[in-house]
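Curious how this folds, go ahead:
(4 chains)
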Amino acid sequence: MNLFNENNASVHLIPSDPNATFYILPNGIGKDRRTIFSNAIQHFHLQLVASPENARFILADEQFDLPKVFSILKLDLSESEEKSLPIVIQIKWLTDSLKEKNLVPLTKDYIFRTPLIRKKTMPSFSQEPVIEEKKTIKNKPKRRLSDDQPQGGCATQVKQRRYSSDDDNNDMMEDYNDTVKNPFKNGELPKGNWMCSMSSQTAKKNTEINKDIIDKLQAMADLYNKTNDKWRAYSYQKAITTIRRCTKRIDSYEEIIKLPGIGESLAKKIWEIIDTGSFEKLEDFQSSEYMTAINLFGNIWGCGPNIAKHWYDQGFRTLNDVRTKAKLSQNQTVGLKYYDEFLERIPRDEVAEIEAVVKEHALALVPGLTIQTCGSYRRGKATCGDVDILITHTDGISHQGLLIPIIDSLRKCGFLTDDLVLSDKYEEDSGSHVKYFGVCLLPGENRKHRRLDIIVIPHNEYACALLYFTGSALFNRSMRNLAHQYNMYLSQHRLNTGVIRKNNSKINMGTPLYTPTEESIFKYLNLPYRPPEERDH
DNA sequence: GGGCAGCGCAC
DNA sequence: GTGCGC
DNA sequence: GCCC
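The predicted structure follows:
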């Protein structure tokens, strides 16, 4: 169907019409303006696409004329068929709509004049760098994921499930696979051990089989995390998730060393645990006065490896030393005050109670808010470390200025007992993203103080925020890393495509992709969708 | 030998 | 700028 | 710590 007919005085766009795909021609438009326009597109519920290839509409700066735009797009006017050509619109249409706070009619005035040349073939984008990458990578010999799996009995195998077309009930979704220039074939990911492509469910069932190994490695990872050795801890953590996926008891060095993410050093340590039943390095750590103190101090919220070491160097060894002698920040004071309570896990039911309180107060202020508890609660865990509550509003506006009133309301009734972080500043890079970290206490007897995070976000960031705050942390890191491989950029705010990095800094931040749902993000990354329960790595 | 994310806040 | 937690 |  043709949305646009030249004889029409104006085009009335149906905001959610899947054909209403827009591409913003970046030329001549600065980064900040581009971000504003991208957000506007999403605010008006139009579909932003990452490349001009499938866009019905191209939004371009008024400084250009049509031939110039087509030349930038490497489109040959004279050889293109009329119906395959995108309609080029002045960016003014969008700014006017923003002024009116509503989509203004797409009159002829906004449309770049169509030259009176006959058009024939489909546009060619062969000059696009992203596609070049596609070719390059396609020609590289690649190992399938399954080749990375051990030959032995460790069932780390991942069947790369492919989206079947019936996954896509929503028309809006259909273009996702096309709009993103994914350089990899269906069901194939870059080489590596992509945790985010796997379900954590198999691991859940096998916790007993290699429990001794996992527990000892976890203890080491926890200790390394409290030193300045976070990367070593990272490796331990990844090794643990790999071993969790093993469906059989590991009993040979050969099968250990084959496991992805486990090298010689870790393999030796794992073998030591299997062979001797003990782990000397861990025992050394656990009997070390230094590590004992570091571990003790590091459990104070707001005290990390460096502060802990500093306190140790000052001769402190116990919490009482810290309480009486150390110079404590505000956060550390609160952290120390609730030292034992913060170390306890929160039963699911209680998280639900806390959520209910926050919901009640927030909805009393603004009805219709979307309120979702994330974190391990959303992943279905029986107990949680803290409570992460994400708040937004589908209208894209009502979330603004919401955090402070919510906090005030919760404070007034005594639900919030202490504050850790409260930021209600407008953040340049993140829209009006605001967050509260604090401590809450449910009414009644025998209640415990719990860590509560409340995050208020604009609706166009909802899916990315949902994904981010649902975790797990390891899952997020894996997914970010995968995005990186695709020259994309995934954050709690957005998924950008066409990111250009040089020497590990971003030369070009790329363009935000339209991410209405978590599913859309998985699709962009060529990943099978994983519901929250399967992200519990 | 470098990357493993990068942010805003407290200090 | 450093340290910290997300 | 592992991977490239």
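
C-alpha from now on. contacts and neighbour counts both.
Noted.

Name the nearest residue to residue A:263, ignoring sequence neighbours.
Distances taken as Cα to Cα, 6 or more residues apart in numbering place residue A:257 nearest to residue A:263, at 6.0 Å, with adjacent residues excluded.

surely the one you found meets residue A:269?
No. Contact criterion Cα atoms under 8 Å: residue A:257 and residue A:269 do not qualify, at 10.9 Å.

ranges for the helices of the stretch 251-400 of chain A?
Assigned by DSSP state H, counting those that start in this stretch, the stretch 251-400 of chain A shows helices spanning A:253-258, A:264-276, A:280-287, A:289-298, A:305-313, A:319-325, A:330-337, A:339-343, A:348-365, A:375-378.

which residues are in contact with the second one?
Read it as helix A:264-276. A:212, A:213, A:236, A:251, A:252, A:253, A:256, A:257, A:278, A:279 (Cα atoms under 8 Å, 6 or more residues apart in numbering).

would you turn those residues into TSV with pLDDT and neighbour count?
TSV is the format used below for the contacts of helix A:264-276 (pLDDT from 0 to 100; neighbours: other Cα atoms under 10 Å):
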residue	pLDDT	neighbour count
A:212	97	16
A:213	98	22
A:236	98	24
A:251	94	13
A:252	96	14
A:253	98	16
A:256	98	22
A:257	98	19
A:278	98	17
A:279	98	19
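
and which of those residues is nearest to DNA strand D?
Nearest to DNA strand D among the contacts of helix A:264-276, counting by Cα to the nearest atom of the strand, is residue A:236 at 6.6 Å.

circling back: can you tell me which of the helices of the stretch 251-400 of chain A is most buried?
Highest mean neighbour count among the helices of the stretch 251-400 of chain A (mean count of other Cα atoms under 10 Å): helix A:375-378, with a mean of 24.

other SSEs contacting that helix?
Identification of packing neighbours for helix A:375-378 by 3 or more Cα pairs under 8 Å, 6 or more residues apart in numbering; DSSP states H and E yields strand A:383-384, strand A:387-392, helix A:462-470.

Now do the contacts for the residue nearest to residue A:263.
Contacts of residue A:257 were listed using Cα under 8 Å, 6+ apart, and they are A:263, A:264, A:267.

Please report how far it lies from residue A:200.
21 Å (Cα to Cα, to the nearest Å).

same question, residue A:469
Between residue A:469 and residue A:200 the distance is 17 Å, computed by Cα to Cα.

domains of chain A?
Domain assignment for chain A by the TED database gives A:21-100, A:200-287, A:289-343, A:344-457, A:464-536.

Spit out the contact partners of residue A:392.
Residues in contact with residue A:392, defined by Cα under 8 Å, 6+ apart, are A:369, A:370, A:371, A:398, A:399, A:456, A:457, A:458, A:459, A:462.

Same check on residue A:110?
When contacts are counted by Cα under 8 Å, 6+ apart, residue A:110 touches A:89, A:90, A:92, A:93.

and the last one, how many neighbours?
Think residue A:93. 20 (other Cα atoms under 10 Å).

what about it, is that helix, strand or coil?
Per DSSP: H, G, I helix; E, B strand; the rest coil, the secondary structure class of residue A:93 is helix.

Grab the nearest non-local neighbour of it.
Nearest non-adjacent residue to residue A:93, counting by Cα to Cα, 6+ apart: residue A:110, 6.1 Å away.

how far away is that neighbour from residue A:40?
In terms of Cα to Cα, residue A:110 sits 17 Å off from residue A:40.

before we move on, what about residue A:301?
Separation of residue A:301 from residue A:40 (Cα to Cα) stands at 39 Å.

Could you do residue A:213 as well?
With distances taken as Cα to Cα, residue A:213 is found 52 Å from residue A:40.

For the contacts of residue A:110, give me a markdown table that also has pLDDT and distance to DNA strand C.
Shown next, in a markdown table, are the contacts of residue A:110 (pLDDT from 0 to 100; distance: Cα to the nearest atom of the strand, whole Å):
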| residue | pLDDT | distance to DNA strand C |
| --- | --- | --- |
| A:89 | 87 | 39 |
| A:90 | 87 | 39 |
| A:92 | 86 | 37 |
| A:93 | 86 | 37 |
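
Tell me which two of the residues you listed sit farthest apart.
A:89 and A:92 (8.1 Å; Cα to Cα).

picking that back up, return the member of the contacts of residue A:257 nearest to DNA strand D.
residue A:263 (2.8 Å).

Near that closest one, how many other residues are there?
Count around residue A:263 with other Cα under 10 Å applied: 14.

likewise residue A:522?
18.

which non-adjacent residue is nearest it?
In space, and not counting its chain neighbours, residue A:522 is closest to residue A:529: 5.6 Å by Cα to Cα, 6+ apart.

circling back: any idea which of the contacts of residue A:257 is closest to DNA strand C?
Within the contacts of residue A:257, the smallest distance to DNA strand C is 25.0 Å, found for residue A:263 (Cα to the nearest atom of the strand).
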